[in-house]
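Engineer: Make a model of this:
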Amino acid sequence: MSATPDEITDLFTGELSATVRRMGDGPVAGGAPPEELVQAREAVWEMLGDLGLLHRVTDGTETPQELVEIAELMGRSLYRSLYQDTAAAAELIAAHGTAPAHRGLLDAIADGSAAVALAPRSAGTDDPAVPGALRLSDASGVLRVSGSRRFVPAAHEAELLLVVGTVPDGIALALVPADEPGVTLRRQYEISRGDFHAVELTEVPVLGGRLLTTPAQAVTAWRRTVARTRVRQAASLTGLAQGALDLAVERVKQRAQFDQPLARHQTVAFTLAALSARITAVRVLVEETAHTLVQRPDDELAACQSLFLAAELARDCAAQSLHLHGAHGMTEDADIQLFFRRAAVEALLWGTPAQLRASAADLL
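Structural biologist: Numbers count the residues shown, from 1 in each chain. Sure, this is the predicted structure:
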């Protein structure tokens, strides 16, 4: 039985799902998204807050089943937002935030009025589990942070940035307001036409005057956050694969060759059946991993394995589904090209295949 509210299921799989898919398709270089899509994104985010999804994250009542189902629904509709980053930040703040400013943030996150973007990379090829270098200073009695971050999702929509970086005695977890004068954003363009930004931080005051926790303690905290976020991403990629397969099935029923629907050809039918079987297998693995992390939050190996298989599945499913659409699938009018482009980027967001293999090998 599903643990997800019907309103969320209807939003991401019902009549509005086609609109939600297009919401995450950003403009080409130099362009701006249509105003109606901006308003639609704001309306969906407000709905998530009204339905209490983030409240369940902040108060620790989100179940593993809910985590997986919600992430998969969002991936299936290609919903692009700061939900995943904000959920990860909320879990860190709830577990480690000690300053009054930190605790007050949880209520704002819960009702959807504060979104947080994670910023761990100093280069696009960085493994997010191994954050880039960060500089801290407190010469004037105020703790400040400086550094460069790349491919920060939807930084222009975030009220706060959770900047994660390596420092001499561990890892720094620094919350900074996104509108501080020392914060500079520059949009980065890539194949998925997402909302990624390069962020430059120059002596930016840290919220509350202190880090979320000590650098030594933050090492374990961040590794656990990465593991849990990788499970969310794996669920999202499983949903992406399912969404691509749904479009492929619909297309081959309509597209005819040799005087019969393409779906009647054995090769096509077997291809779709194999993809469906793989989706079911990965979905079960991801659900099991989500439950495992409740009992063993340090089980990074299971998270790496789940994300590796889900990422491979998403890329394969999107590519096969695009192929079954024919030349039409590569046009702007076809939604399947959205899945293909998004899979290329989303599959690497929380670790490339090489990085996940290396992490898994170290954990064996």
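Engineer: and stretch 287-296, how far out from the chain's middle?
Structural biologist: The gap between where stretch 287-296 is centred and where its chain is centred comes out at 19 Å by CA atoms, centre = their mean, to the nearest Å.
Engineer: Report the buried residues of it.
Structural biologist: 287, 289-293 (16 or more other CB atoms under 10 Å). Quick note: C-beta positions are derived from backbone N, CA and C, even for glycine.
Engineer: any chance of those in JSON lines, with distance to Ser321 too?
Structural biologist: Formatted as JSON lines, these follow (distance: CB to CB, whole Å):
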{"residue": "Glu287", "distance to Ser321": "23"}
{"residue": "Thr289", "distance to Ser321": "25"}
{"residue": "Ala290", "distance to Ser321": "26"}
{"residue": "His291", "distance to Ser321": "30"}
{"residue": "Thr292", "distance to Ser321": "30"}
{"residue": "Leu293", "distance to Ser321": "30"}
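Engineer: So which of those are in helices?
Structural biologist: Per DSSP state H, helices hold the following members of the buried residues of stretch 287-296: 287, 289-293.
Engineer: from these, which single one is nearest Leu307?
Structural biologist: Within these, the smallest distance to Leu307 is 9.0 Å, found for Thr289 (CB to CB).
Engineer: moving C-terminal of the longest helix seen in the chain, what's the next helix or strand?
Structural biologist: Longest helix in the chain by number of residues, with DSSP H as the criterion: helix 215-254. Remark: after helix 215-254, the chain's next helix or strand is strand 256-257, criterion DSSP states H and E.
Engineer: Low-confidence bits of this protein, can you list those?
Structural biologist: Scanning the chain for pLDDT under 70 picks out 1-5, 27-33, 98.
Engineer: run the last query once more with 50
Structural biologist: Applying pLDDT under 50 to the chain picks out residues 1.
Engineer: Report the residue ranges of every domain in it.
Structural biologist: Per automatic domain parsing, the domain ranges recorded for the chain read 6-110, 116-213, 218-363.
Engineer: for the longest one, the distance to its chain's centre please.
Structural biologist: Think domain 218-363. Distance, centroid of domain 218-363 to centroid of chain: 13 Å (CA atoms, centre = their mean).
Engineer: Offset the numbering so it begins at 52, please.
Structural biologist: Happy to do that; since the first residue is 52 now, the last one works out to domain 269-414.
Engineer: for that domain, how far is the first residue from the last?
Structural biologist: 19 Å (CA to CA, to the nearest Å).
Engineer: What of stretch 339-352?
Structural biologist: Stretch 339-352 stretches 13 Å from its first residue to its last (CA to CA).
Engineer: what does that stretch rub up against?
Structural biologist: Residues from elsewhere that reach stretch 339-352 (CB atoms under 8 Å, 6 or more residues apart in numbering): 115-116, 118-119, 271, 274-275, 277-279, 282, 285-286, 353-354, 356-357, 410-411, 414-415.
Engineer: The same query, at a cut-off of 10 Å, please.
Structural biologist: 114-120, 122, 180, 271, 274-279, 281-283, 285-286, 353-358, 361, 410-415 (CB atoms under 10 Å, 6 or more residues apart in numbering).
Engineer: Of those, grab the buried ones for ChimeraX.
Structural biologist: The buried residues among the contacts of stretch 339-352 can be selected in ChimeraX (16+ other CB under 10 Å) with this line:
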select :115,117,118,119,120,122,180,274,275,276,277,278,279,281,282,283,285,286,353,354,355,356,357,358,361,410,411
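Engineer: Helix, strand, or coil at Glu254?
Structural biologist: strand (DSSP: H, G, I helix; E, B strand; the rest coil).
Engineer: That one and Arg392, how far apart?
Structural biologist: 37 Å (CB to CB, to the nearest Å).
Engineer: Over to Ser173?
Structural biologist: 25 Å.
Engineer: same check, this time on Arg92
Structural biologist: Taking CB to CB as the measure, Arg92 and Arg392 are separated by 18 Å.
Engineer: One more: Gln268?
Structural biologist: Per CB to CB, Gln268 is found 39 Å from Arg392.
Engineer: Pull the residues that contact stretch 97-112.
Structural biologist: 55-56, 58-59, 62, 96, 113-114, 117-118, 121, 125, 130, 132, 134, 137-142, 144-146, 156-166.
Engineer: Pull out the buried residues from these.
Structural biologist: 55, 59, 62, 96, 113, 117-118, 121, 125, 130, 132, 134, 137-142, 144-145, 156-157, 159-161, 163, 165-166.
Engineer: Go through these and flag which are in helices.
Structural biologist: Here DSSP H is the test, and the buried ones among the contacts of stretch 97-112 give 59, 62, 96, 117-118, 121, 125, 134, 137-142, 144-145, 156-157, 159-161 as lying in helices.
Engineer: give me the number of residues near the closest residue in space to Met125 that isn't next to it in sequence?
Structural biologist: Nearest residue to Met125 in three dimensions, chain neighbours excluded: Ser287, at 5.9 Å (CB to CB, 6 or more residues apart in numbering). Using other CB atoms under 10 Å, Ser287 has 29 other residues around it.
Engineer: Now do the SS call for the residue lying closest to Leu263 once chain neighbours are set aside.
Structural biologist: Spatial nearest neighbour of Leu263, chain neighbours left out: Leu224 (4.0 Å); criterion: CB to CB, 6+ apart. Classification of Leu224 using three-state DSSP returns strand.
Engineer: Leu224 touches Ala140, doesn't it?
Structural biologist: Yes - counting by CB atoms under 10 Å, Leu224 does reach Ala140; the two are 9.2 Å apart.
Engineer: so what's in contact with these two at the same time?
Structural biologist: The contact sets of Leu224 and Ala140 overlap at 148, 213, 215, 263, 276 (CB under 10 Å, 6+ apart).
Engineer: Double-check that the third one belongs to a helix.
Structural biologist: Which is Val215. No - when three-state DSSP is applied, Val215 is found to be strand, with no helix at that position.
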